[in-house]
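A.B. asks: my questions are about this predicted structure, shown below with the sequence.
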Protein chains: 2
Amino acid sequence: MRITAVEEYGLRCLLNLARAGRGKQMSISEIAESEGLSVPYASKLLSILRKAGLVQAVRGRSGGFRIARDPGEIDLYEVLFALGGPLIDPDHCQKHSGQLDQCVHTEECSVQGVLGGLAGYVQSFLAGTSLQEIVDGRPCTMARQSTAAFEISDTAHSDELRSGVVDDPAGN
Amino acid sequence: MRITAVEEYGLRCLLNLARAGRGKQMSISEIAESEGLSVPYASKLLSILRKAGLVQAVRGRSGGFRIARDPGEIDLYEVLFALGGPLIDPDHCQKHSGQLDQCVHTEECSVQGVLGGLAGYVQSFLAGTSLQEIVDGRPCTMARQSTAAFEISDTAHSDELRSGVVDDPAGN
DNA sequence: ATAATACTTTACAAAAGTGTATTGTTTTAG
DNA sequence: CTAAAACAATACACTTTTGTAAAGTATTAT
């Protein structure tokens, strides 16, 4: 589970336009240079954002992009959904049924339950964060209350590697 | 942002052993058949779980796998971290600096801030959910309070596609 | 002992994701 | 009208992930 490159860079490109403001426009070159991306790559990302209705393009010699709505009216869920789709595929059980015809957990797909719960949890965070809040540098309430725990997270689990092969087959 | 195949299937394999219980063991064949996976693939997943210390292997003719600790003592964060690593790479700004030498947002990396907040938020969910809770089919409190919102999520954003090309370059 | 069973490791092919290159279309400055 | 500037679309190479295949190691029933 991770943030994809398209989501990361696409969000950054959009934030440039959010910082510029509702009416101002920037060219692909300006955005690409600002984020250290190649022009063709930034172009691809902005094309995705345009098709999602998040930015508007102006063609021609004095063209460029501008944000489609007020940054305060665009939430992070809409942005990440446009760039990377949903956290869990709608027809999840169809695709993840292995070699069987249908989901192996038809009676009680507990995996589906917990991952669906996670997806909803994540969405509540994303939908509660607007681009304006990110530009202003004040993450939403939910973020601040759990950031501290994340800081010490990785090391806590990284040194748990061991052989896993036991000497006692009986389990006593 | 999505759950990877290894995370999904790895978790499912581990849940089989969690359902079997602390002392019981299952062979790769049994687990593979139970989840509709090929034996070699299940073998690879269980190997990852073993190296992470989550399961123990018994070799030889009457061998198999069993869960290393009580399912109530294993949380979902540890499992997903073992199978797919952290949500955000520790040296994030080094890798995502584009063509520049250092992160383009050194003064105020607002993207890093909000995504770090998201990672912490997700972790609080995962760390608060044990395998036992999943087996019992009762998602943790955090899941239930936000599941309803997820149900109606996808359709709400899917029909926002438009051309994005405006007829009014001036923006009036 | 030996064969059967089960885990281990490595290698590899197919698919998806990432980023670049190229060519085309649109608009405007002159 | 023409050339320059800027967005649009497609194709392609590269990398990572995914899943399979095959050969190897370890244990035990007989």
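C.D. replies: That came through fine.
A.B. asks: please save the CA atoms from the top helix by length along chain A in PDB.
C.D. replies: Criterion DSSP state H: the longest helix present in chain A is helix A:110-127. Backbone C-alpha positions of helix A:110-127 (Å, rounded to 0.1, in the frame of the first residue of the first chain) are rendered in PDB as follows:
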ATOM      1  CA  SER A 110     -13.600 -10.800   6.400                       C
ATOM      2  CA  VAL A 111     -10.700  -9.500   4.200                       C
ATOM      3  CA  GLN A 112     -13.200  -7.500   2.200                       C
ATOM      4  CA  GLY A 113     -14.700  -6.200   5.400                       C
ATOM      5  CA  VAL A 114     -11.600  -4.900   7.000                       C
ATOM      6  CA  LEU A 115     -10.100  -3.500   3.800                       C
ATOM      7  CA  GLY A 116     -13.400  -1.800   3.000                       C
ATOM      8  CA  GLY A 117     -13.300  -0.300   6.500                       C
ATOM      9  CA  LEU A 118      -9.800   0.900   5.900                       C
ATOM     10  CA  ALA A 119     -10.800   2.500   2.600                       C
ATOM     11  CA  GLY A 120     -13.600   4.400   4.200                       C
ATOM     12  CA  TYR A 121     -11.300   5.500   7.000                       C
ATOM     13  CA  VAL A 122      -8.800   6.800   4.500                       C
ATOM     14  CA  GLN A 123     -11.500   8.500   2.500                       C
ATOM     15  CA  SER A 124     -12.800  10.400   5.600                       C
ATOM     16  CA  PHE A 125      -9.300  11.900   5.900                       C
ATOM     17  CA  LEU A 126      -8.900  12.800   2.300                       C
ATOM     18  CA  ALA A 127     -12.400  14.200   1.900                       C
END
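A.B. asks: for that helix, packing partners?
C.D. replies: Other helices and strands packing on helix A:110-127, by 3 or more CB pairs under 8 Å, 6 or more residues apart in numbering or on different chains; DSSP states H and E, are helix A:76-84, helix A:92-95, helix A:141-151, helix B:5-20, helix B:110-127, helix B:131-135, helix B:141-151. C-beta here means a position set from N, CA and C on the backbone, and glycine is covered the same way.
A.B. asks: and with 7 Å instead?
C.D. replies: helix A:76-84, helix B:5-20, helix B:110-127, helix B:131-135, helix B:141-151 (3 or more CB pairs under 7 Å, 6 or more residues apart in numbering or on different chains; DSSP states H and E).
A.B. asks: is the fourth one up against chain A anywhere?
C.D. replies: Yes: taking CB under 7 Å from any CB of the partner chain as the criterion, helix B:131-135 and chain A are in contact, through B:134-135.
A.B. asks: separation between the spatially closest residue to A:R66 that is not a sequence neighbour and A:A119?
C.D. replies: Nearest non-adjacent residue to A:R66, counting by CB to CB, 6 or more residues apart in numbering or on different chains: A:Q25, 4.1 Å away. Remark: distance between A:Q25 and A:A119 (CB to CB, to the nearest Å) = 35 Å.
A.B. asks: can you check A:F65 too?
C.D. replies: 30 Å.
A.B. asks: what residues sit buried inside stretch A:30-39?
C.D. replies: A:31-37 (16 or more other CB atoms under 10 Å in any protein chain shown).
A.B. asks: re earlier: need the helices and strands packed on helix A:110-127 in a markdown table (columns: mean pLDDT).
C.D. replies: Shown next, in a markdown table, are these (pLDDT from 0 to 100):
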| stretch | mean pLDDT |
| --- | --- |
| helix A:76-84 | 97 |
| helix B:5-20 | 96 |
| helix B:110-127 | 90 |
| helix B:131-135 | 94 |
| helix B:141-151 | 47 |
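A.B. asks: now distance to A:A52 and mean neighbour count too, for those, in a markdown table please.
C.D. replies: Below are the helices and strands packed on helix A:110-127 laid out as a markdown table (distance: least, CB to CB, whole Å; neighbours: other CB atoms under 10 Å in any protein chain shown):
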| stretch | distance to A:A52 | mean neighbour count |
| --- | --- | --- |
| helix A:76-84 | 3 | 23 |
| helix B:5-20 | 26 | 22 |
| helix B:110-127 | 18 | 22 |
| helix B:131-135 | 34 | 21 |
| helix B:141-151 | 20 | 16 |
